[in-house]
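J.: pasting the sequence and the predicted model now:
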Amino acid sequence: MSNPVPSLISDLPEGHVVLLPQLSRLQLEADRIIKWFEEHTDGNQWIVVLGLSTATIETLTSDRGGLEGVPYRFQWEGTTGLIKIIAGVGHGVVTEQFTAGKEADNAYLPPSRYAQPIRNDGYPTLVIETGVSKSLGQLRQNARKWFADSGGDVRIVVLINMRHKFVSFEKWQLAPRDAPRPLTQSHIDTLCSHTPNIPPLIRQLAQLQQAYCAHQVDITASSTAGMPNAVTGAPMVLPFIAVQDRPPGPGEGDIVIGPQEFDEITDLLL
């Protein structure tokens, strides 16, 4: 059910590209991937880079023009890097969090984790990762890696996986430390029956973690113009205390994403 120490390049889709760290070659491959997705809705969006130098890592992390306008996310371990090309309108989100060699597509950092009023030195509580259908295995590894790298400070990872006329949202979180090992489907069902299903609020060592999909919402685009999309599995609940890193105050409560909100979100993606 889980992989407590995920590899950077685990579960990459067939067809992923492996290159040496020459920016000109990276640029050509990035352009090729972008062109592919202009005509297709699925395919490879990953480039593995071997033999990274410190200078190249700095270029790819700090220079958003490192691939001449091609949007991407970059992560690395040692001298091995992994680039995800952000292809298609549905992937056009802005990176808001940079942490220890890993970039999220989007993330939320609560005020309590700001070391100073301007600096955001802590890990986010909520991370969002997006990808096309063939990238789902790697996205799930990314979720596990966020939990492992942060020691459980990342509470929830939402994976958005897209294919033609279909979008799925998976909410991943860690099981409690006293959960059975290996984590059984029966125990997952028990955890998911809790309302709300709050992830652990204390840190966990990577080797002790068991990540699981706590909720899934699927949306199929309507075949009739003007009709709503078909949404199954909604609502999705993000517990306030897990996201904001504090108990709710007066007038505050859990974040509930209902069918209408998912329908509106999906209209922007499909």
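T.: It's in. Everything numeric here is computed off the predicted structure, so don't read it as measured data.
J.: hey, let's count contacts and neighbours off CA atoms from now on
T.: Will do.
J.: distance check, residue 182 against residue 163.
T.: 31 Å (CA to CA, to the nearest Å).
J.: these two - which one has more neighbours?
T.: residue 163 (18 against 9; other CA atoms under 10 Å).
J.: roughly how far apart are residue 51 and residue 22?
T.: 10 Å.
J.: do residue 156 as well
T.: As judged by CA to CA, residue 156 and residue 22 stand 35 Å apart.
J.: how about residue 114?
T.: 36 Å.
J.: likewise for residue 30?
T.: For residue 30 relative to residue 22 (CA to CA), the value is 12 Å.
J.: compare the two (neighbour count), which wins?
T.: When neighbours are counted by other CA under 10 Å, residue 30 and residue 22 differ, and residue 30 comes out ahead with 25 against 13.
J.: what's around residue 60, how many residues?
T.: For residue 60, the neighbour count with other CA under 10 Å is 19.
J.: so it touches residue 74, yeah?
T.: Yes: at 7.0 Å, residue 60 counts as touching residue 74 under the criterion of CA atoms under 8 Å.
J.: just the strands in this structure please.
T.: Along the chain, counting by DSSP state E, strands occupy 17-19, 46-49, 72-77, 80-85, 98-99, 102-103, 106-108, 126-132, 156-163, 166-174, 211-220, 230-232, 236-238, 255-257.
J.: low-confidence ranges in the stretch 1-150 of the chain?
T.: 1-6, 63-66, 87-105, 115-121 (pLDDT under 70).
J.: what about the helices in it?
T.: Taking DSSP state H, counting those that start in this stretch, the helices of the stretch 1-150 of the chain run over residues 23-39, 54-62, 136-150.
J.: can you pull the buried residues of the last one?
T.: Along helix 136-150, these residues count as buried under the neighbour rule (16 or more other CA atoms under 10 Å): 136, 138-150.
J.: who does that helix touch, helix- and strand-wise?
T.: Here helix 136-150 touches strand 126-132, strand 156-163, going by 3 or more CA pairs under 8 Å, 6 or more residues apart in numbering; DSSP states H and E.
J.: go again with 10 Å.
T.: strand 98-99, strand 102-103, strand 126-132, strand 156-163, strand 166-174, strand 211-220 (3 or more CA pairs under 10 Å, 6 or more residues apart in numbering; DSSP states H and E).
J.: and that helix, how far from the chain's centre?
T.: With CA atoms, centre = their mean, to the nearest Å as the basis, helix 136-150 stands 7 Å off its chain's centre.
J.: give me the phi and psi angles of residue 194.
T.: phi -70, psi 140 (degrees, to the nearest 10).
J.: how about the buried residues of helix 136-150 in CSV, adding distance to residue 83?
T.: Shown next, in CSV, are the buried residues of helix 136-150 (distance: CA to CA, whole Å):
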residue, distance to residue 83
136, 15
138, 12
139, 13
140, 16
141, 14
142, 12
143, 16
144, 18
145, 15
146, 16
147, 20
148, 20
149, 18
150, 20
